[in-house]
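Colleague: with the input below, show me the fold.
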Amino acid sequence: MIFAGILFFVFYFLFLKPTASCFDNIQNQDELGVDCGGICDLSCEQKNAQPLEVSYVRKVKDGDNKVILLAEIKNPNFEFGASSFEYSFDITDISGEKIKSISGQSFIYPGETKYLSEIIDFDKNYFSQDISLAQYIWKSKDEFKKPNIQVRENKTEINSKDSIYPLVVSGVIKNIDIISASKVIISAFIYDNMGTMIGISKTELENLNPTDEKNFTIVFPKDIDVSLINQNATRIYVDSIK
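Modeller: Modelled structure (predicted):
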């Protein structure tokens, strides 16, 4: 029996025992924590980073047959940003059944607050909305720096109802950083005189090199009610990545 036990012990270590790795949920090899640090590429700080926080998810009516889903997301980690994460807006009916889902991918810098938005067709069964976040790829603040983009001369113009675009937000952006921005997403949030958000639209610009500046124009759908708009309350949000 003792000999058989020894044989099994040897056989287990030679053929059955799993090979140590950075994905076995065991602190082994030269790891500083479970599957992190030491021999593993993933630092323990990255592995233990806090998940992104959702401040709110709301519905914004935009025109007659469209609804904008808007979520405010916060990164509680000041040492790490997510160079990529996945999100999914989920729409449910009054019974809690999911009737629509729209997914996407984004990024967020260390300590940043940002906004995610998607436009969907209005559904008469629409009751509530939520968002889920997953698949974070964490990078240190030294690896993942946000380009410094300046916005100026922005204005909100209301045109006649017969115009193709009755509402236009425009301005100038300039890269005042030493880092180039491969993509810049500029969003305009429109409010009424009561401070209620009534519309969102955005545009994208590419390849903004250091010291470069470009004009931007953001247009809104023709069926937005411009009589409600407070032109002085428009907020511009810039999202950029190097």
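
Colleague: middle-most residue in this structure, spatially?
Modeller: S106 (4.0 Å; C-alpha atoms, centre = their mean).

Colleague: what stretches of the chain score poorly on pLDDT?
Modeller: 1-20, 23, 32, 45, 62-64, 161 (pLDDT under 70).

Colleague: for it, what spans make up the helices?
Modeller: In the chain, the helices defined using DSSP state H lie at 2-11, 44-47.

Colleague: would you mind measuring from N77 to K202?
Modeller: N77 sits at a distance of 26 Å from K202 (criterion: C-beta to C-beta, to the nearest Å). Every residue, glycine included, has its C-beta placed from N, CA and C.

Colleague: what about those two, which has more around it?
Modeller: For N77 versus K202, neighbours defined as other C-beta atoms under 10 Å are more numerous around N77 (24 against 16).

Colleague: who's in contact with that one?
Modeller: Counting by C-beta atoms under 8 Å, 6 or more residues apart in numbering, N77 makes contact with 49-50, 110-111, 138.

Colleague: most neighbours among those, please name it.
Modeller: Counting neighbours by other C-beta under 10 Å, W138 comes out on top of the contacts of N77 with 23 neighbours.

Colleague: who does it bridge with?
Modeller: A82 (DSSP bridges).

Colleague: contact partners for it?
Modeller: By C-beta under 8 Å, 6+ apart, W138 lies in contact with 46, 49, 77, 80-83.

Colleague: E53 versus the closest residue to Q135 other than its chain neighbours, what's the distance?
Modeller: Leaving aside its chain neighbours, Q135 sits nearest to E86 (4.5 Å; criterion: C-beta to C-beta, 6 or more residues apart in numbering). Separation of E86 from E53 (C-beta to C-beta): 16 Å.

Colleague: for this structure, which segments count as strands?
Modeller: With DSSP state E, the ranges of strands along the chain come out as 53-61, 66-74, 80-92, 98-108, 113-121, 128-140, 149-158, 167-175, 181-191, 197-208, 213-219, 235-241.

Colleague: buried residues in the fifth one, which are they?
Modeller: Spelled out, it's strand 113-121. 114-118, 120 (16 or more other C-beta atoms under 10 Å).

Colleague: same thing with the second one?
Modeller: Of the residues in strand 66-74, 66-71, 73 count as buried by neighbour count, 16+ other C-beta under 10 Å.

Colleague: just list what it packs against, helices and strands only.
Modeller: When contacts are defined as 3 or more C-beta pairs under 8 Å, 6 or more residues apart in numbering; DSSP states H and E, strand 66-74 sits against strand 53-61, strand 80-92, strand 113-121, strand 128-140, strand 197-208.

Colleague: just send the ones you listed back as CSV, with distance to K214 too.
Modeller: Output for the helices and strands packed on strand 66-74, formatted as CSV (distance: least, C-beta to C-beta, whole Å):
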stretch, distance to K214
strand 53-61, 27
strand 80-92, 24
strand 113-121, 21
strand 128-140, 27
strand 197-208, 6
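
Colleague: what's the most buried one of the ones you listed?
Modeller: Comparing these by mean neighbour count (mean count of other C-beta atoms under 10 Å), strand 80-92 comes out on top with a mean of 19.

Colleague: spatially nearest residue to F127, not counting backbone neighbours?
Modeller: Counting by C-beta to C-beta, 6+ apart, F127 lies nearest to I94, which is 4.4 Å off, once chain neighbours are set aside.

Colleague: next: P147.
Modeller: The nearest residue in space to P147 (C-beta to C-beta, 6+ apart) is A181, at 4.2 Å.

Colleague: the strands of the chain: which one's closest to G33?
Modeller: G33 sits nearest to strand 128-140 of all those, at 14.4 Å, using C-beta to C-beta.

Colleague: cool, thanks, signing off.
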